[in-house]
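>>> Predicted model and sequence below, questions to follow.
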Amino acid sequence: MKLFGTLTSPYTRKARLVLLEKQIPHQFVAEGPNDPGNEIAALNPLGRIPALVLDDETCIFDSVVISEYLDTLNDTPILIPRNDALARMRVRRWEALADGIMDSAVVVRGERVRAPEQQSDAVMELHNDNITRTLAYAAQQLGAQPWCEGGSLSLADLALASALLYLDLRQPERDWRAAHPALAAWFARMEVRSSVRTSMAA
C-alpha cells in the first residue's frame, strides 16, 4: 500500500505513525495537492491528504478513516480499544481533541500566509484561543499519566503527538511546554519513539 501526503501535514503524520507503530509494510509518497503534476485529485475526489492506496487501488481518505482501517489489520499493538466501549470512546475523543488543535492551527497558518491586508485578526484570535483552551484541557486530562488512555500506547497518543509537532512547526512562538510541564514531559517521551523520529525525517 501507499500513503500519499506531505511531511508537514499533521493528518498525514497521524496516519503514518499508525503504519509505523503497527509495522505495516507501505510506501510513503511525499506528495501534496499543490505539487505540480500530483496524483492526489485523481486518487481522492476531495483532493486532500492523506490518501491511502491499497494494493487493489482502493483509495481510503481522511486520517480518521485511514487510522481506524489500519488498526484492524493486526493486533500489535491495538491502538483503538475493541471490546470496551468507554475506552474506545475516550481514545476517539482524544483524537477529536488533537484533530481540533490541528484544524485550528491550519486555519491560523492559512491566515498568516495571506497578504497582510487580507488577514483576519478575529479569525486568528478565535482559533488561537481554541488551541490554548484545548491544550489546557488535554493537559488536565493527561495529568501525570504515561499514556493518554489506559496502560499502553493508543491512537490518542499518536494523534496528540501529531498535533503538538504541528504547533512546534507552525507556531514556534507558542510556549505550550512552559504552560503545561506534564504535557511537555509526556511529549518528550513520545518524540524519541522510532516512529515519531521516522515521521520527522525528510
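Noted; the coordinates are in hand.

>>> Every contact and neighbour count from this point should use C-alpha atoms.
Noted.

>>> Low-confidence stretches in the protein?
202 (pLDDT under 70).

>>> for it, longest helix please?
helix 85-112 (DSSP state H).

>>> Can you tell me which helices and strands the helix or strand following that one packs against?
Under the assignment DSSP states H and E, the closest C-terminal helix or strand after helix 85-112 is helix 121-142. Counting contacts by 3 or more CA pairs under 8 Å, 6 or more residues apart in numbering; DSSP states H and E, helix 121-142 is packed against helix 85-112, helix 181-190.

>>> ok and helix 121-142 relative to helix 181-190, angle-wise?
Relative orientation of helix 121-142 versus helix 181-190 (axes from the mean of the first three to the mean of the last three CA atoms, to 10 degrees): 80 degrees.

>>> can you list the domains in this protein?
Following automatic domain parsing, one finds the domains of the chain at 2-71, 85-193.

>>> Now render those domains as a markdown table, adding distance to Ser199.
Shown next, in a markdown table, are these (distance: least, CA to CA, whole Å):
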| stretch | distance to Ser199 |
| --- | --- |
| domain 2-71 | 6 |
| domain 85-193 | 10 |
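
>>> between those domains, which one is nearest to Leu79?
domain 85-193 (4.1 Å; CA to CA).

>>> For the closest one, measure first residue to last.
With CA to CA, to the nearest Å as the measure, the ends of domain 85-193 fall 28 Å from one another.

>>> And stretch 145-165, by the same measure?
Its start and end residues considered, stretch 145-165 measures 20 Å (CA to CA).

>>> likewise stretch 12-29?
This stretch, stretch 12-29, spans 11 Å end to end (CA to CA).
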